[in-house]
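S.K.: Compute the structure for the input listed below.
(one chain, ligands or ions: 1)
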Amino acid sequence: MINTPIIALDFSNYDSTIDFLRAFDSESLYVKVGMELFYQTGPELIGKLKEYGHKIFLDLKLHDIPNTVHHAMKGLARLDIDMVNVHAAGGSNMMKAALTGLEAGTEIGKKRPLLIAVTQLTSTSEEQMKNEQLIEHSILHSVLHYAKLTYQSGLDGVVCSAIEAREIEKVTNKEFLRVTPGIRLEEDSIDDQKRVVTPQSARNIGSSAIVVGRTITKSADPLQTYLKVKQLWEGNGND
Ligand SMILES: O=C(O)c1cc(=O)[nH]c(=O)n1[C@@H]1O[C@H](COP(=O)(O)O)[C@@H](O)[C@H]1O
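M.R.: Next up, the predicted model:
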């Protein structure tokens, strides 16, 4: 269980990220650096975030042949990140290669970053999955299938919608992480997301961690909104 909401730092450059974080000086954060930011700022920003003492989920969603993913992960392990991900659709051989790559790149005496796999993106609807991926099953069936494959490949957890979190726990185990983006407050617009859940429902349904982006980053008062989301996630707010 990751107690603080993971803030998705979906910014386009180094300066706006640092500006945003100024309001959080007194908070020890878990932040997510995704492809928008990492492709612009690379390892330099990761080093800075570590200097601030924040935990880092590097969300690059690797999906390639096993050999490429193995070597990419070996390099990423040297960045001193706490969590990283791949797409489960890359298959069990790719996921195992990612894991051995991470292990090989982790310095002796350091903790290997957690490795999780995306099941079905929270922006994917069942209709889209059927029409575009040609998967003739329910979205829950597909997510559970990918979760089991990820579990059997030895990874630490999955990215899914909180909607599926409880069912995933049943087919894996309690410790297997269910990291859930697609989090919105009641009053928020859902934007491009399809399978959205509030922080308090995510807690009740069995998420291990929530990932929150625009609700916080686009808020008029990001710190206050973060504290509100955190309180709801911790279970101290109104259900
Ligand atoms: O792997 C992810 O983090 C991820 C997986 C997924 O299925 N859905 C999803 O939204 N994400 C990420 O979570 C964040 C959600 O952002 P907001 O929709 O702004 O809260 C984005 O940075 C996405 O890249």
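
S.K.: could you give me the average pLDDT of the helix ranked longest in the chain?
M.R.: For the chain, the helix reaching the highest residue count under DSSP state H is reported as helix 35-51. Averaged across helix 35-51, pLDDT comes to 96.

S.K.: could you check the distance from the closest residue to Ser138 other than its chain neighbours over to the ligand?
M.R.: Counting by CB to CB, 6 or more residues apart in numbering, Glu126 is the residue found nearest to Ser138 once chain neighbours are left out, at 6.4 Å. For glycine as for every other residue, the C-beta is placed from the backbone atoms N, C-alpha and C. Distance, Glu126 to the ligand, using CB to the nearest ligand atom, to the nearest Å: 14 Å.

S.K.: Around Glu126, how many other residues sit close by?
M.R.: Look at Glu126: counted by other CB atoms under 10 Å, it has 17 neighbours.

S.K.: Surely it and Ile139 touch.
M.R.: Yes - with contact defined as CB atoms under 8 Å, Glu126 and Ile139 form a contacting pair (4.4 Å).

S.K.: Helices along this protein, start to end?
M.R.: Secondary structure of the chain, counting by DSSP H: helices at 14-22, 35-51, 66-76, 92-105, 126-133, 139-152, 165-171, 199-205, 214-217, 222-234.

S.K.: And those: which comes nearest Ala117?
M.R.: With CB to CB as the measure, helix 139-152 is the member of those nearest Ala117 (4.3 Å).

S.K.: so how far is that closest one from its chain's centroid?
M.R.: Relative to its parent chain, helix 139-152 has a centroid offset of 16 Å by CA atoms, centre = their mean, to the nearest Å.

S.K.: angle of it against helix 126-133?
M.R.: Calculated by axes from the mean of the first three to the mean of the last three CA atoms, to 10 degrees, helix 139-152 forms an angle of 70 degrees with helix 126-133.

S.K.: List the buried residues of helix 139-152.
M.R.: The neighbour-count check on helix 139-152 (16 or more other CB atoms under 10 Å) flags Ile139, Leu140, Ser142, Val143, Leu144, His145, Tyr146, Ala147, Leu149, Thr150, Tyr151 as buried.

S.K.: for stretch 25-38, the distance to its chain's centre please.
M.R.: The chain centre lies 11 Å from the centre of stretch 25-38; the measure is CA atoms, centre = their mean.

S.K.: what about that stretch, start to end distance?
M.R.: Stretch 25-38 stretches 22 Å from its first residue to its last (CA to CA, to the nearest Å).

S.K.: Check stretch 106-123 too.
M.R.: Terminal-residue distance, stretch 106-123 (CA to CA): 32 Å.

S.K.: about what we covered before: which parts of the longest helix of the chain count as buried, going by neighbours?
M.R.: Neighbour counts over helix 35-51 (16+ other CB under 10 Å) mark Leu37, Phe38, Thr41, Leu45, Ile46, Leu49 as buried.

S.K.: Of these, just say which sits nearest to the ligand.
M.R.: Nearest to the ligand among those is Leu37, at 9.3 Å by CB to the nearest ligand atom.

S.K.: returning to what we had before: what is the most widely separated pair among the buried residues of helix 35-51?
M.R.: The distance between the two most remote of those (CB to CB) is 11.2 Å, for Phe38 and Leu49.

S.K.: what about the nearest residue to Leu177 once chain neighbours are set aside, how many residues close to it?
M.R.: Leaving aside its chain neighbours, Leu177 sits nearest to Gly157 (2.5 Å; criterion: CB to CB, 6+ apart). Residues near Gly157, counting by other CB under 10 Å, number 23.
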